[in-house]
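> My questions concern the predicted model and sequence given below.
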Amino acid sequence: ETGVTQTPRHLVMGMTNKKSLKCEQHLGHNAMYWYKQSAKKPLELMFVYSLEERVENNSVPSRFSPECPNSSHLFLHLHTLQPEDSALYLCASSQNRDNSPLHFGNGTRLTVT
Amino acid sequence: GEDVEQSLFLSVREGDSSVINCTYTDSSSTYLYWYKQEPGAGLQLLTYIFSNMDMKQDQRLTVLLNKKDKHLSLRIADTQTGDSAIYFCAESTGGGNKLTFGTGTQLKVEL
């Protein structure tokens, strides 16, 4: 059982919808991450939060909006997405941002129609 | 820039050893990781090695690092059907725990 829980597991949304992905970690970690996994491409880092402060935004379009209300929870708010945004969105956490290993959730499979 | 490369597929017979290879380009890598991804799941951390080490063994897993050639390998002894998955190599460079992942190697274990 993973210490990082993501909901929902699957999400289908239209291009005009607004939805949110949720991530919760039960490991007492201080850093949380959003990654995008598309077919036949390496994992892409989207956002990094450390102690609830966003420390990295990897040129992600503004239709993706992260939120980290506390060190255990991370959200990814979605609006006006495109079909090419369909992917597996993975949340991860680590003890700190000093080379401590990342622990991943099982991801949310997003399909944009 | 940073680049991590892996072969796409590997097929082995149950009980044999599997060796999954990875090459990277950034000589300033500090940690190198191996992750396993089963269908419908996220990435599971298998093991990792610090860049000043040559080898790390953990039960059936052996990691070898050749820093001169920037080559990392993962050996799985006595491979089982439950080892069938995609294996990702990743390197951590620069500050801030930024990982660069390879595209993954699909391991298929045949009976």
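Arrived safely.

> Any regions of the chain where pLDDT drops low?
Since no chain was named, I'll use chain A. For chain A, the stretches with pLDDT under 70 are A:1-2.

> that's the wrong chain, I meant chain B
For chain B (pLDDT under 70), the answer is B:1-2, B:94-96.

> one more time with 90, if that's ok
Applying pLDDT under 90 to chain B flags residues B:1-3, B:25-31, B:40, B:51-52, B:92-100.

> Bridge partners for the residue nearest to residue B:99 when sequence neighbours are not counted, pull those for me.
Spatial nearest neighbour of residue B:99, chain neighbours left out: residue B:90 (4.5 Å); criterion: Cβ to Cβ, 6 or more residues apart in numbering or on different chains. The C-beta positions use only the backbone N, C-alpha and C, and glycine is treated the same way. Beta bridges link residue B:90 to residue B:33, residue B:101 when assigned by DSSP bridges.

> these two touch, right, residue B:90 and residue B:29?
No. The pair residue B:90 / residue B:29 is not scored as a contact, 9.7 Å apart, by Cβ atoms under 8 Å.

> who's more crowded, those two?
Under the criterion of other Cβ atoms under 10 Å in any protein chain shown, the comparison of residue B:90 against residue B:29 puts residue B:90 first, with 25 against 22.

> Indicate the residue of chain A located nearest to chain B.
Using Cβ to the nearest Cβ, the closest approach of chain A to chain B is made by residue A:104 at 3.9 Å.

> do you know how far that residue is from residue B:101?
According to Cβ to Cβ, to the nearest Å, residue A:104 stands 11 Å off from residue B:101.

> quick one: common contacting residues for these two?
Shared contacts of residue A:104 and residue B:101 (Cβ atoms under 8 Å, 6 or more residues apart in numbering or on different chains): residue B:35.

> With adjacent residues omitted, what lies nearest to residue 91?
Because you didn't say which chain, this covers chain A. residue A:23 (3.4 Å).

> think we crossed wires, I meant chain B
In space, residue B:91 is closest to residue B:29, 4.3 Å off (Cβ to Cβ, 6+ apart).

> check contacts around that neighbour.
Residue B:29 touches B:51, B:91, B:92, B:93, counting by Cβ under 8 Å, 6+ apart.

> Need the buried ones from those selected in ChimeraX.
In ChimeraX, a selection of the buried entries from the contacts of residue B:29 looks like this (16 or more other Cβ atoms under 10 Å in any protein chain shown):
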select /B:51,91,92,93
